[in-house]
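Peer 1: Kindly generate the corresponding structure for this input.
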Amino acid sequence: MICSAAFSNMALGQSTAPESDMDGVVAQAYDLKNTLTISTTEKTIYREGDGVAVALTHIIGHAMVNDQQIERICSILETAFRYPQLIVNPRNRNPDVSLLLLESARLRSSNPIVKDKIDVLKSHLISIYKKDD
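Peer 2: Here you go, the predicted model:
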């Protein structure tokens with residue numbers, strides 16, 4: 001079951017027990033109050049690829065997200081696939097969950113600028129995956 005309490009508690013500034021270490025790293029990157037990106041967080045995200053999308057779904061759960069949060073999701077996923085050669089688990093080089101998460105985010109947004117950003121990122125992820133075939 002997807003953990004919606006994690007997102008709700010995070011939005012309220014309460015700490016949550018992440019479902020995995022990766023959830024904790026991604027939650028730190030997702031925190032909108034955290035404007036500084038810690039290099040160790042980025043390095044961990046670089047190595048996880050599609051695993052980051054799985055962690056994001058754990059963090060967000062069934063909560064409604066706004067356009068600012070959707071842009072943060074896009075930024076984190078872009079980071080996760082910035083250096084595809086660094087992704088440790090070969091299965092995580094395939095952006096299946098990332099593409100589903102982006103499509104879900106696209107359906108939740110009414111902002112055409114955000115939708116365009118999502119479309120650009122989706123195209124980028126598909127192009128990376130095709131290179132890896």
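Peer 1: So what's the residue count around D50?
Peer 2: Residues lying near D50 (other C-beta atoms under 10 Å) number 25. All C-beta spots, glycine's among them, are computed from the backbone N, C-alpha and C.
Peer 1: Apart from its neighbours in sequence, what residue is nearest it?
Peer 2: With C-beta to C-beta, 6 or more residues apart in numbering as the criterion, D50 has its nearest non-adjacent residue at 4.5 Å, and that residue is N92.
Peer 1: Any regions of the protein where pLDDT drops low?
Peer 2: Applying pLDDT under 70 to the chain flags residues 1-20, 22, 31-38, 131-133.
Peer 1: where's the residue nearest to D50 relative to Q68, distance?
Peer 2: Separation of N92 from Q68 (C-beta to C-beta, to the nearest Å) stands at 26 Å.
Peer 1: Pick out whichever of these two has more residues nearby.
Peer 2: Neighbour count, other C-beta under 10 Å: between N92 and Q68, N92 has more, with 22 against 11.
Peer 1: ok so, going back, ok, now how distant is the residue nearest to D50 from L121?
Peer 2: Counting by C-beta to C-beta - N92 and L121 are separated by 17 Å.
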